[in-house]
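> I'll drop the sequence and a predicted model, then ask my questions.
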Amino acid sequence: MAGAGHRGGVMNGAVGQAPALLRYRAFLGAVFAPGVHVAYGVLWACAYEAAAVTAAGGAWRPSTGSLVRATTIIVVLLYLRLADERMDESYDRVHNPTRPLVTGLVSVIELRRAGWAAAALAIVVNVPLAPWSAVTVAVLVGYTELLTRLTLRLPRLRDRALLYIVVAYPVQLLIGVYLYMSVTGTALVRPGAHPVLLIIVFAAAFLHYEFARKTVRDPHPGARTYSATALGATGSGVLTLGWALLACALLTAITEPWHVSVTALLPYVALVFPIAGAFSYLRGRERKWPTSLAMLYVIVLDATLVTGGLLG
(Lines give C-alpha, C1' and ligand atoms only; values in the text may rest on other atoms or scores of the structure.)
Protein backbone atom coordinates (compact mmCIF):
# COMPACT_ATOMS: atom_id res chain seq x y z
CA MET A 1 0.00 0.00 0.00
CA ALA A 2 2.80 2.39 0.86
CA GLY A 3 4.48 1.67 -2.47
CA ALA A 4 1.24 2.31 -4.36
CA GLY A 5 0.75 5.59 -2.55
CA HIS A 6 4.30 6.66 -3.44
CA ARG A 7 3.78 5.85 -7.11
CA GLY A 8 0.50 7.80 -7.06
CA GLY A 9 2.30 10.78 -5.53
CA VAL A 10 4.95 10.70 -8.25
CA MET A 11 2.28 10.42 -10.95
CA ASN A 12 0.28 13.33 -9.53
CA GLY A 13 3.40 15.42 -9.31
CA ALA A 14 4.30 14.69 -12.92
CA VAL A 15 0.77 15.49 -14.06
CA GLY A 16 0.78 18.74 -12.10
CA GLN A 17 4.04 19.81 -13.80
CA ALA A 18 2.66 19.36 -17.33
CA PRO A 19 1.97 22.59 -19.29
CA ALA A 20 -1.26 24.25 -18.16
CA LEU A 21 -2.84 24.23 -21.62
CA LEU A 22 -2.27 20.50 -22.00
CA ARG A 23 -3.77 19.82 -18.58
CA TYR A 24 -6.81 21.99 -19.26
CA ARG A 25 -7.31 20.18 -22.55
CA ALA A 26 -7.15 16.83 -20.79
CA PHE A 27 -9.53 18.13 -18.12
CA LEU A 28 -12.08 19.21 -20.74
CA GLY A 29 -11.83 15.82 -22.39
CA ALA A 30 -12.62 14.15 -19.07
CA VAL A 31 -15.54 16.27 -17.84
CA PHE A 32 -16.75 18.50 -20.69
CA ALA A 33 -17.07 16.62 -23.96
CA PRO A 34 -17.25 19.47 -26.51
CA GLY A 35 -19.39 17.54 -28.98
CA VAL A 36 -22.09 16.98 -26.37
CA HIS A 37 -22.02 20.27 -24.48
CA VAL A 38 -21.58 22.53 -27.49
CA ALA A 39 -24.42 20.82 -29.36
CA TYR A 40 -26.63 21.01 -26.28
CA GLY A 41 -25.85 24.69 -25.71
CA VAL A 42 -26.59 25.62 -29.32
CA LEU A 43 -29.82 23.59 -29.37
CA TRP A 44 -31.04 25.02 -26.06
CA ALA A 45 -30.44 28.64 -27.07
CA CYS A 46 -31.87 28.28 -30.58
CA ALA A 47 -34.83 26.16 -29.47
CA TYR A 48 -35.91 28.69 -26.84
CA GLU A 49 -35.54 31.55 -29.28
CA ALA A 50 -37.37 29.70 -32.07
CA ALA A 51 -40.21 28.62 -29.77
CA ALA A 52 -40.63 32.16 -28.43
CA VAL A 53 -40.76 33.63 -31.96
CA THR A 54 -43.17 30.92 -33.14
CA ALA A 55 -45.47 31.51 -30.17
CA ALA A 56 -45.49 35.19 -31.08
CA GLY A 57 -46.63 34.31 -34.62
CA GLY A 58 -43.35 34.90 -36.40
CA ALA A 59 -40.76 32.89 -38.33
CA TRP A 60 -37.40 32.44 -36.63
CA ARG A 61 -34.07 33.09 -38.30
CA PRO A 62 -30.67 32.72 -36.58
CA SER A 63 -28.82 35.95 -35.96
CA THR A 64 -25.77 37.41 -34.24
CA GLY A 65 -27.86 37.42 -31.07
CA SER A 66 -28.44 33.67 -31.50
CA LEU A 67 -24.67 33.17 -31.65
CA VAL A 68 -24.15 35.24 -28.48
CA ARG A 69 -26.85 33.32 -26.61
CA ALA A 70 -25.51 29.92 -27.70
CA THR A 71 -21.95 30.91 -26.80
CA THR A 72 -23.10 32.17 -23.42
CA ILE A 73 -24.86 28.92 -22.55
CA ILE A 74 -21.85 26.84 -23.63
CA VAL A 75 -19.52 28.98 -21.47
CA VAL A 76 -21.96 28.87 -18.55
CA LEU A 77 -22.19 25.07 -18.81
CA LEU A 78 -18.38 24.95 -18.66
CA TYR A 79 -18.42 27.23 -15.62
CA LEU A 80 -20.93 24.94 -13.91
CA ARG A 81 -18.79 21.87 -14.65
CA LEU A 82 -15.80 23.60 -13.07
CA ALA A 83 -17.89 24.34 -9.98
CA ASP A 84 -19.22 20.76 -9.85
CA GLU A 85 -15.70 19.38 -9.89
CA ARG A 86 -14.87 21.44 -6.80
CA MET A 87 -18.09 20.51 -5.01
CA ASP A 88 -17.64 16.78 -5.66
CA GLU A 89 -14.00 16.53 -4.57
CA SER A 90 -14.60 14.78 -1.23
CA TYR A 91 -17.12 12.36 -2.77
CA ASP A 92 -14.87 11.62 -5.74
CA ARG A 93 -11.90 10.81 -3.52
CA VAL A 94 -13.90 7.80 -2.31
CA HIS A 95 -16.12 6.86 -5.26
CA ASN A 96 -14.38 8.30 -8.35
CA PRO A 97 -10.62 8.35 -7.69
CA THR A 98 -9.78 8.92 -11.38
CA ARG A 99 -11.46 12.34 -11.54
CA PRO A 100 -9.12 15.15 -12.70
CA LEU A 101 -9.11 17.09 -9.43
CA VAL A 102 -8.46 13.95 -7.38
CA THR A 103 -5.59 12.77 -9.59
CA GLY A 104 -3.95 16.19 -9.55
CA LEU A 105 -4.51 16.90 -13.23
CA VAL A 106 -5.81 20.31 -12.14
CA SER A 107 -5.81 22.13 -8.83
CA VAL A 108 -8.60 23.92 -6.96
CA ILE A 109 -6.89 27.26 -7.64
CA GLU A 110 -6.76 26.51 -11.37
CA LEU A 111 -10.42 25.55 -11.39
CA ARG A 112 -11.29 28.82 -9.65
CA ARG A 113 -9.27 30.88 -12.12
CA ALA A 114 -10.79 29.09 -15.11
CA GLY A 115 -14.24 29.51 -13.60
CA TRP A 116 -13.86 33.24 -13.12
CA ALA A 117 -12.49 33.62 -16.65
CA ALA A 118 -15.48 31.74 -18.08
CA ALA A 119 -17.89 33.81 -15.96
CA ALA A 120 -16.31 37.08 -17.06
CA LEU A 121 -16.54 36.06 -20.72
CA ALA A 122 -20.21 35.09 -20.39
CA ILE A 123 -21.04 38.44 -18.79
CA VAL A 124 -19.00 40.68 -21.09
CA VAL A 125 -20.29 39.29 -24.41
CA ASN A 126 -23.87 40.05 -23.36
CA VAL A 127 -23.43 43.69 -22.36
CA PRO A 128 -23.65 45.09 -25.94
CA LEU A 129 -26.60 42.84 -26.83
CA ALA A 130 -28.89 43.15 -23.79
CA PRO A 131 -27.44 44.58 -20.56
CA TRP A 132 -30.07 42.98 -18.32
CA SER A 133 -29.15 39.55 -19.67
CA ALA A 134 -25.57 40.25 -18.56
CA VAL A 135 -26.92 41.05 -15.10
CA THR A 136 -28.78 37.72 -15.10
CA VAL A 137 -25.55 35.86 -15.89
CA ALA A 138 -23.84 37.71 -13.03
CA VAL A 139 -26.65 36.62 -10.66
CA LEU A 140 -26.25 33.03 -11.87
CA VAL A 141 -22.52 33.16 -11.19
CA GLY A 142 -23.09 34.63 -7.74
CA TYR A 143 -25.67 31.98 -6.84
CA THR A 144 -23.40 29.20 -8.06
CA GLU A 145 -20.55 30.52 -5.94
CA LEU A 146 -22.80 30.59 -2.87
CA LEU A 147 -23.97 27.05 -3.65
CA THR A 148 -20.36 25.89 -4.02
CA ARG A 149 -19.37 27.33 -0.66
CA LEU A 150 -22.46 25.83 1.00
CA THR A 151 -21.73 22.42 -0.47
CA LEU A 152 -18.07 22.52 0.53
CA ARG A 153 -19.11 23.42 4.07
CA LEU A 154 -21.89 20.80 4.13
CA PRO A 155 -20.71 18.01 1.77
CA ARG A 156 -23.54 15.69 2.85
CA LEU A 157 -26.00 18.09 1.21
CA ARG A 158 -25.29 16.55 -2.18
CA ASP A 159 -26.08 13.10 -0.80
CA ARG A 160 -29.69 14.17 -0.14
CA ALA A 161 -30.83 14.15 -3.76
CA LEU A 162 -34.27 15.75 -3.41
CA LEU A 163 -33.08 18.50 -1.07
CA TYR A 164 -30.08 19.22 -3.27
CA ILE A 165 -32.12 19.50 -6.48
CA VAL A 166 -34.33 22.08 -4.75
CA VAL A 167 -31.27 24.07 -3.67
CA ALA A 168 -29.32 23.70 -6.91
CA TYR A 169 -31.99 23.86 -9.61
CA PRO A 170 -32.36 27.65 -9.50
CA VAL A 171 -29.08 27.69 -11.45
CA GLN A 172 -30.79 25.95 -14.39
CA LEU A 173 -33.81 28.24 -14.07
CA LEU A 174 -31.51 31.26 -14.20
CA ILE A 175 -30.21 30.06 -17.56
CA GLY A 176 -33.82 30.16 -18.73
CA VAL A 177 -34.24 33.62 -17.24
CA TYR A 178 -31.10 34.69 -19.08
CA LEU A 179 -32.60 33.54 -22.39
CA TYR A 180 -35.82 35.38 -21.61
CA MET A 181 -34.00 38.60 -20.75
CA SER A 182 -31.80 38.32 -23.82
CA VAL A 183 -34.54 37.49 -26.33
CA THR A 184 -37.02 40.08 -25.03
CA GLY A 185 -34.25 42.60 -24.40
CA THR A 186 -33.43 42.75 -28.10
CA ALA A 187 -37.08 43.28 -29.11
CA LEU A 188 -37.02 39.94 -30.92
CA VAL A 189 -40.01 38.92 -28.80
CA ARG A 190 -42.13 41.10 -26.56
CA PRO A 191 -42.07 40.33 -22.81
CA GLY A 192 -45.07 38.30 -21.73
CA ALA A 193 -46.46 35.09 -20.28
CA HIS A 194 -45.52 32.84 -23.19
CA PRO A 195 -41.75 33.39 -23.12
CA VAL A 196 -41.88 33.10 -19.31
CA LEU A 197 -43.68 29.75 -19.50
CA LEU A 198 -41.11 28.55 -22.02
CA ILE A 199 -38.55 28.79 -19.22
CA ILE A 200 -40.54 26.10 -17.39
CA VAL A 201 -40.87 23.99 -20.55
CA PHE A 202 -37.09 23.73 -20.90
CA ALA A 203 -36.62 23.33 -17.14
CA ALA A 204 -39.04 20.38 -17.09
CA ALA A 205 -37.38 18.83 -20.14
CA PHE A 206 -33.99 18.98 -18.43
CA LEU A 207 -35.46 17.59 -15.20
CA HIS A 208 -36.61 14.57 -17.20
CA TYR A 209 -32.99 13.89 -18.13
CA GLU A 210 -31.73 14.72 -14.63
CA PHE A 211 -34.13 12.26 -12.99
CA ALA A 212 -33.61 9.62 -15.68
CA ARG A 213 -29.88 9.40 -15.08
CA LYS A 214 -30.43 8.94 -11.34
CA THR A 215 -33.39 6.55 -11.41
CA VAL A 216 -32.25 3.02 -10.61
CA ARG A 217 -33.81 -0.11 -9.15
CA ASP A 218 -32.06 -1.37 -6.01
CA PRO A 219 -29.59 1.55 -5.76
CA HIS A 220 -26.29 0.87 -4.05
CA PRO A 221 -25.90 2.19 -0.48
CA GLY A 222 -24.73 5.79 -0.56
CA ALA A 223 -25.57 6.19 -4.24
CA ARG A 224 -26.76 9.65 -5.23
CA THR A 225 -30.03 8.61 -6.86
CA TYR A 226 -33.63 9.75 -6.61
CA SER A 227 -34.64 6.12 -6.24
CA ALA A 228 -32.91 6.05 -2.85
CA THR A 229 -35.15 8.87 -1.55
CA ALA A 230 -38.74 8.77 -0.31
CA LEU A 231 -39.83 8.52 -3.94
CA GLY A 232 -38.55 4.98 -4.22
CA ALA A 233 -37.71 3.24 -7.47
CA THR A 234 -41.25 3.41 -8.85
CA GLY A 235 -42.00 6.95 -7.72
CA SER A 236 -38.77 8.19 -9.22
CA GLY A 237 -39.66 6.51 -12.52
CA VAL A 238 -43.16 7.98 -12.57
CA LEU A 239 -41.81 11.46 -11.85
CA THR A 240 -39.19 11.06 -14.58
CA LEU A 241 -41.96 10.44 -17.11
CA GLY A 242 -44.02 13.24 -15.57
CA TRP A 243 -41.38 15.88 -16.26
CA ALA A 244 -41.39 15.04 -19.99
CA LEU A 245 -45.18 15.10 -20.14
CA LEU A 246 -45.28 18.42 -18.29
CA ALA A 247 -42.85 20.02 -20.73
CA CYS A 248 -44.93 19.01 -23.74
CA ALA A 249 -48.23 19.91 -22.08
CA LEU A 250 -46.99 23.42 -21.33
CA LEU A 251 -45.59 23.73 -24.83
CA THR A 252 -49.01 22.84 -26.23
CA ALA A 253 -50.68 25.51 -24.10
CA ILE A 254 -48.17 28.12 -25.27
CA THR A 255 -47.97 27.41 -28.99
CA GLU A 256 -51.45 25.95 -29.71
CA PRO A 257 -49.94 23.95 -32.59
CA TRP A 258 -53.29 23.05 -34.14
CA HIS A 259 -53.64 26.74 -35.09
CA VAL A 260 -50.20 26.96 -36.69
CA SER A 261 -49.04 24.21 -39.07
CA VAL A 262 -48.14 20.55 -39.25
CA THR A 263 -44.51 21.41 -38.44
CA ALA A 264 -45.67 22.78 -35.08
CA LEU A 265 -46.60 19.22 -34.13
CA LEU A 266 -43.04 17.92 -34.68
CA PRO A 267 -41.80 18.49 -31.08
CA TYR A 268 -44.31 15.97 -29.74
CA VAL A 269 -42.53 13.20 -31.62
CA ALA A 270 -39.98 13.48 -28.81
CA LEU A 271 -42.50 11.92 -26.39
CA VAL A 272 -41.74 8.54 -27.99
CA PHE A 273 -38.50 8.39 -25.99
CA PRO A 274 -39.79 8.99 -22.42
CA ILE A 275 -42.76 6.70 -23.09
CA ALA A 276 -40.39 3.98 -24.29
CA GLY A 277 -38.16 4.59 -21.28
CA ALA A 278 -41.10 4.38 -18.89
CA PHE A 279 -42.33 1.16 -20.50
CA SER A 280 -38.88 -0.38 -20.24
CA TYR A 281 -38.12 0.75 -16.69
CA LEU A 282 -41.52 0.57 -14.96
CA ARG A 283 -42.22 -2.86 -16.43
CA GLY A 284 -38.98 -4.06 -14.86
CA ARG A 285 -37.16 -4.78 -18.09
CA GLU A 286 -34.33 -2.41 -17.22
CA ARG A 287 -32.58 -1.97 -13.88
CA LYS A 288 -31.91 1.67 -14.74
CA TRP A 289 -33.92 4.20 -16.72
CA PRO A 290 -32.31 4.22 -20.20
CA THR A 291 -30.34 7.47 -20.06
CA SER A 292 -29.80 7.45 -23.82
CA LEU A 293 -33.57 7.71 -24.36
CA ALA A 294 -33.78 10.67 -21.99
CA MET A 295 -30.97 12.41 -23.84
CA LEU A 296 -32.67 11.72 -27.18
CA TYR A 297 -35.88 13.26 -25.80
CA VAL A 298 -34.13 16.55 -25.02
CA ILE A 299 -32.21 16.60 -28.31
CA VAL A 300 -35.22 15.79 -30.49
CA LEU A 301 -37.48 18.22 -28.62
CA ASP A 302 -35.00 21.07 -29.09
CA ALA A 303 -34.13 20.16 -32.69
CA THR A 304 -37.78 20.00 -33.75
CA LEU A 305 -38.50 23.35 -32.11
CA VAL A 306 -35.66 24.84 -34.15
CA THR A 307 -36.97 23.17 -37.29
CA GLY A 308 -40.49 24.43 -36.63
CA GLY A 309 -39.17 27.96 -36.12
CA LEU A 310 -37.25 27.88 -39.40
CA LEU A 311 -40.20 26.53 -41.36
CA GLY A 312 -42.56 29.01 -39.75
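Perfect, I can see it now.
> what number of residues lie near the nearest residue to Pro155 once chain neighbours are set aside?
Leaving out its chain neighbours, the residue that sits closest to Pro155 by CB to CB, 6 or more residues apart in numbering is Ser90, at 4.9 Å. The C-beta positions use only the backbone N, C-alpha and C, and glycine is treated the same way. The burial count assigned to Ser90 is 14, neighbours taken as other CB atoms under 10 Å.
> helix or strand for Ser90, which one?
helix 89-95 (DSSP states H and E).
> mind giving me the packing neighbours of the next helix or strand after that helix?
Downstream of helix 89-95, the first helix or strand assigned by DSSP H and E is helix 100-103. Other helices and strands packing on helix 100-103, by 3 or more CB pairs under 8 Å, 6 or more residues apart in numbering; DSSP states H and E, are helix 2-17, helix 20-31, helix 64-87, helix 89-95.
> how far off centre is helix 100-103?
In this view, helix 100-103 has its centroid 22 Å away from the chain centroid, taken as CA atoms, centre = their mean, to the nearest Å.
> neighbours of Asn96, how many?
A count of nearby residues for Asn96, using other CB under 10 Å, gives 12.
> identify the residue nearest it in space, chain neighbours excluded?
Closest to Asn96 by CB to CB, 6+ apart is Val102, at 7.0 Å.
> please verify my assumption that the one you found contacts Asp92.
Yes - proximity of Val102 to Asp92 meets the contact threshold set by CB atoms under 8 Å, at 5.1 Å.
> quick one: contacts for Pro257?
Contacts here follow CB atoms under 8 Å, 6 or more residues apart in numbering; on that basis Pro257 touches Ala264, Leu265, Tyr268.
> now these as CSV including neighbour count and distance to Thr72?
As requested, these are exported to CSV (neighbours: other CB atoms under 10 Å; distance: CB to CB, whole Å):
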residue, neighbour count, distance to Thr72
Ala264, 24, 27
Leu265, 15, 30
Tyr268, 14, 28
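> in JSON lines: these, plus distance to Ala228.
Formatted as JSON lines, the contacts of Pro257 follow (distance: CB to CB, whole Å):
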{"residue": "Ala264", "distance to Ala228": "40"}
{"residue": "Leu265", "distance to Ala228": "38"}
{"residue": "Tyr268", "distance to Ala228": "32"}
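> one step back: how about the helix holding Ser90: buried residues?
Along helix 89-95, these residues count as buried under the neighbour rule (16 or more other CB atoms under 10 Å): Glu89, Tyr91, Asp92.
> these two touch, right, the first one and Thr103?
No - in this structure, Glu89 sits apart from Thr103 without contact. The criterion is CB under 8 Å, and the distance is 11.4 Å.
> sorry, back to before: which among the buried residues of helix 89-95 gets closest to Trp289?
Nearest to Trp289 out of those is Tyr91 (CB to CB; 21.8 Å).
> go through the helices and strands packed on helix 100-103 and pick out the most buried.
Highest mean neighbour count of the helices and strands packed on helix 100-103: helix 64-87, a mean of 21 (counted as mean count of other CB atoms under 10 Å).
> so which of the helices and strands packed on helix 100-103 comes closest to Arg149?
Nearest to Arg149 among these is helix 64-87 (9.5 Å), distances taken as CB to CB.
> name the helices or strands packed onto that closest one?
Applying 3+ CB pairs under 8 Å, 6+ apart, one finds that helix 64-87 contacts helix 20-31, helix 34-55, helix 100-103, helix 108-124, helix 131-153, helix 170-185.
> what about the helices in the stretch 201-312 of the chain?
Assigned by DSSP state H, counting those that start in this stretch, the helices in the stretch 201-312 of the chain fall at 232-255, 272-282, 291-311.
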